[in-house]
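> Coordinates only, no sequence provided:
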């Protein structure tokens, strides 16, 4: 979740993976409110289901940065494996998906809450 220029929360569902350094790594389309919000205020919250059924929630708060270097080859492979069925479900290929969702955002977790 980011905040808009007025400070209002802007929750957005995202696909993500864990980066090698413990960061939350996600891909975004280039011209989204999410990216504008991150560039305006790097403080974010990531809400995750901690059980398969979604019965428990974990909230990570931290700082987000847009990473111009993009995904590493290992991250790209992990992303494509994790979301293979979902990408096919969108009627697209991994290459086309990453061409559309071409901006990498990395969130460095700083605090954890669970409930």
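Nice, I can see it. Please read all numbers here as calculations on a predicted model, not as lab measurements.
> Neighbours of the closest residue in space to residue 67 that isn't next to it in sequence, how many?
Spatial nearest neighbour of residue 67, chain neighbours left out: residue 104 (4.4 Å); criterion: C-beta to C-beta, 6 or more residues apart in numbering. (C-beta placed from N, C-alpha, C; glycine too.) Residues within reach of residue 104, counting by other C-beta atoms under 10 Å, total 22.
> So residue 104: helix, strand or coil?
Per DSSP: H, G, I helix; E, B strand; the rest coil, the secondary structure class of residue 104 is strand.
> what's near enough to touch the residue nearest to the spatial centre of the chain?
What sits nearest the mean C-alpha location of the chain, by C-alpha atoms, centre = their mean, is residue 26, with 3.0 Å. With contact taken as C-beta atoms under 8 Å, 6 or more residues apart in numbering, residue 26 is in contact with 14-17, 104-105, 107.
> ok, those residues vs residue 72, which is closest?
residue 104 (9.5 Å; C-beta to C-beta).
> ok so residue 66 is a strand residue?
Yes - when three-state DSSP is applied, residue 66 is found to be in a strand.
> so where do the helices sit in the chain?
Using DSSP state H, the helices of the chain run over residues 33-40, 73-82, 84-89, 94-100.
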